[in-house]
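**Student:** Have a look at this prediction, sequence included:
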Amino acid sequence: MLGALGLMAALLTAAPPASAAVPAFELRPLVPAGADYDQRLRAEVEYWTLDKMAAAGLNHEDQDAAPPPGGWDDLSKPWPRKAGLISRTAGKIFLETKDLDNGTVARSACSGNVVAGANESTVLTAAHCVRVHTPFGLGWGNTVVTNMVFVPGFNGANLPRRTTSTALPGKDIAPYGVWGVTREFFTNTWSQSADWMLGHDMAAILVDNPAEPRPIAQVTGAQRIAFDQPQNQRHHIFGYPTINERNYYRPGNVSSALQRTFDGRSLMVAQGTSWADPVYYSDVMRGALSPGTSGGPLLGGFDPATGEGVQVGVFSRYDDPGQIIGILGWLQGPNLSSTHLGAEEQAVYDFAQSADPAGGPSSASARTSSARTPSAHKAASAVAAPHGAKG
């Protein structure tokens, strides 16, 4: 137990808070500041060859996505490629994690979205995409991300299934490049309960590209962001649904008119009127987007003509009001539950958007010195936190 606490002290460090009551937390940077920063950033990005991307980012079957018999609908539909801002700001995240208890390494995929910020380098996603700790050895284990890249505008149409190619993706797959994740921040609540039990499943990650001198927002544009917005509104959720094992709308689980499958190749959208979950302060909406969508943006005021909206939430998990034991409905749906961006999430955003992706001085310099120090005493307030989880 003491060894595990010591390890977590090195991994998890408190980013000085935007307000004293609501701190944000930072994991040890994936690409630390230093003389070898550029070399390590390039190694992170070039780790993701076509074979690794296909294994992590496509479904586990030999067939591609299939719509319902009557065609795609508001529960889920592909978003047209190069159609407005969202087709550039939304992207697929490829990640590798390590279980801190048994050393198991695994690869998977999430979704994310570029948002406006001072550093023009901030992407929002779900906290469980970077850190998970389910108690008693259940569920997703005790995992932390060890390698992560963001591919805005990802297009998997030309990504071969089960390929053995060690080539890097071209512009047909990564039209705006592959961006290495350098720093990762998440909410105070998630630092204490990284298992969905207390909600606040949101993270902000900073990205950089060794082949691109401009920050990502100058390449893709950025969506606006707002906090504590009115709930019970019409919303759009975007992401890259990938696997069908926990796809509520899979064949055999719902009526034939609703059945559909996903493959992880395309950006998809669900739209409808959400309702507020007062217990978890989340936005719940009926929708059909399978795992892989985690971290995708919940947008309010979305204009399909321009692809522009305001990010007010992050997709976190599923919801089934028919389950007597509510947690069982978190696995597959039929509803989508998104973390509503409130005070804790704003603390994360405020720190991340003012920080330097490369770990140098920033407009938040008074805060960053301790946030970048992965030492046990700086992490003391976070040592007791990891009751977390990954999903």
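**Tutor:** Thanks, I have the structure now.
**Student:** Run through the residues that contact the residue lying closest to Gly239 once chain neighbours are set aside.
**Tutor:** Excluding its sequence neighbours, the residue lying closest to Gly239 (Cβ to Cβ, 6 or more residues apart in numbering) is Gly296, at 2.8 Å. The way it works is simple: take the backbone N, C-alpha and C, and place the C-beta from them, glycine included. Each residue near Gly296 by Cβ atoms under 8 Å, 6 or more residues apart in numbering is listed here: 90, 111-113, 237-240, 289, 314-315.
**Student:** so what's the backbone phi/psi at the closest residue in space to Trp196 that isn't next to it in sequence?
**Tutor:** Nearest residue to Trp196, sequence neighbours excluded (Cβ to Cβ, 6+ apart): Arg317, at 5.7 Å. When read as degrees, to the nearest 10, the backbone of Arg317 gives phi -160, psi -170.
**Student:** again, but for Met148
**Tutor:** Per degrees, to the nearest 10, the backbone of Met148 is at phi -160, psi 130.
**Student:** What separation is there between it and Val115?
**Tutor:** Plainly put, Met148 is 17 Å away from Val115 if you go by Cβ to Cβ, to the nearest Å.
**Student:** quick one, which of those two is more surrounded?
**Tutor:** Met148 (26 against 22; other Cβ atoms under 10 Å).
**Student:** Let me know whether that one touches Phe94 as I believe.
**Tutor:** Yes. The criterion here is Cβ atoms under 8 Å, and Met148 meets it with Phe94 at 7.2 Å.
**Student:** The residue lying closest to Gly57 once chain neighbours are set aside: helix or strand, and which one exactly?
**Tutor:** The shortest distance from Gly57 to any non-neighbouring residue, by Cβ to Cβ, 6+ apart, is to Ala109 (4.4 Å). Per DSSP states H and E, Ala109 falls inside strand 105-114.
**Student:** List the buried residues for that strand?
**Tutor:** 108-114 (16 or more other Cβ atoms under 10 Å).
**Student:** from the middle of its chain, how far away would that strand be?
**Tutor:** How far strand 105-114 lies from its chain's middle: 6 Å, per Cα atoms, centre = their mean, to the nearest Å.
**Student:** elements contacting that strand?
**Tutor:** Under the contact criterion of 3 or more Cβ pairs under 8 Å, 6 or more residues apart in numbering; DSSP states H and E, strand 105-114 touches helix 50-57, helix 86-89, strand 90-99, strand 122-125, strand 142-152, helix 216-220, strand 234-239, strand 297-303.
**Student:** go again using 7 Å as the cut-off
**Tutor:** Packing partners of strand 105-114 (3 or more Cβ pairs under 7 Å, 6 or more residues apart in numbering; DSSP states H and E): helix 50-57, strand 90-99, strand 122-125, helix 216-220.
**Student:** Quick check: mean pLDDT of it?
**Tutor:** Strand 105-114 carries an average pLDDT of 97.
**Student:** now it against strand 142-152, angle please.
**Tutor:** 50 degrees (axes from the mean of the first three to the mean of the last three Cα atoms, to 10 degrees).
**Student:** List the neighbouring strands of strand 105-114 plus their orientation.
**Tutor:** strand 90-99 (antiparallel), strand 122-125 (antiparallel) (DSSP bridges).
**Student:** Tell me which stretches of the stretch 201-350 of the chain form helices.
**Tutor:** All helices of the stretch 201-350 of the chain, identified by DSSP state H, counting those that start in this stretch, fall at 216-220, 343-353.
**Student:** Format the CA atom coordinates belonging to the first one as PDB.
**Tutor:** Listed next in PDB are the C-alpha coordinates belonging to helix 216-220 (Å, rounded to 0.1, in the frame of the first residue of the first chain):
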ATOM      1  CA  ILE A 216      -3.300  23.500 -33.100                       C
ATOM      2  CA  ALA A 217      -6.000  26.200 -32.900                       C
ATOM      3  CA  GLN A 218      -4.200  28.000 -35.700                       C
ATOM      4  CA  VAL A 219      -4.400  24.900 -37.900                       C
ATOM      5  CA  THR A 220      -7.900  23.600 -37.100                       C
END
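**Student:** quick one: buried residues of that helix?
**Tutor:** For helix 216-220, by 16+ other Cβ under 10 Å, it's 216-217, 219-220.
**Student:** Need the contact partners of the strand holding Ala109.
**Tutor:** Contacts of strand 105-114 with the rest of the structure, by Cβ atoms under 7 Å, 6 or more residues apart in numbering, involve 52, 55-57, 89-98, 123-126, 129, 150, 152, 216-217, 220, 222-223, 239-240, 242, 264, 292-297, 311.
**Student:** Which residue is the nearest non-sequential neighbour of Thr164?
**Tutor:** Asp51 (5.4 Å).
**Student:** Can you read off the pLDDT for that neighbour?
**Tutor:** Looking at Asp51, the pLDDT reads 98.
**Student:** And the furthest pair within the buried residues of strand 105-114?
**Tutor:** Ser108 and Val114 (20.8 Å; Cβ to Cβ).
**Student:** which residues of the stretch 101-250 of the chain score low on pLDDT?
**Tutor:** 136-140 (pLDDT under 70).
**Student:** if we go to 80?
**Tutor:** 135-140 (pLDDT under 80).
**Student:** rewinding a little: of the helices of the stretch 201-350 of the chain, which is nearest Glu184?
**Tutor:** Nearest to Glu184, of all the helices of the stretch 201-350 of the chain, is helix 343-353, at 8.8 Å by Cβ to Cβ.
**Student:** Please export the C-alpha coordinates of the closest one as PDB.
**Tutor:** Written as PDB, here are the backbone C-alpha positions of helix 343-353 (Å, rounded to 0.1, in the frame of the first residue of the first chain):
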ATOM      1  CA  ALA A 343     -16.800  25.300 -11.500                       C
ATOM      2  CA  GLU A 344     -14.500  22.300 -11.200                       C
ATOM      3  CA  GLU A 345     -14.200  21.900 -14.900                       C
ATOM      4  CA  GLN A 346     -13.600  25.700 -15.300                       C
ATOM      5  CA  ALA A 347     -10.700  25.400 -12.900                       C
ATOM      6  CA  VAL A 348      -9.100  22.700 -15.100                       C
ATOM      7  CA  TYR A 349      -9.700  24.700 -18.200                       C
ATOM      8  CA  ASP A 350      -8.400  28.000 -16.700                       C
ATOM      9  CA  PHE A 351      -5.100  26.400 -15.700                       C
ATOM     10  CA  ALA A 352      -4.600  24.300 -18.900                       C
ATOM     11  CA  GLN A 353      -5.400  27.100 -21.400                       C
END
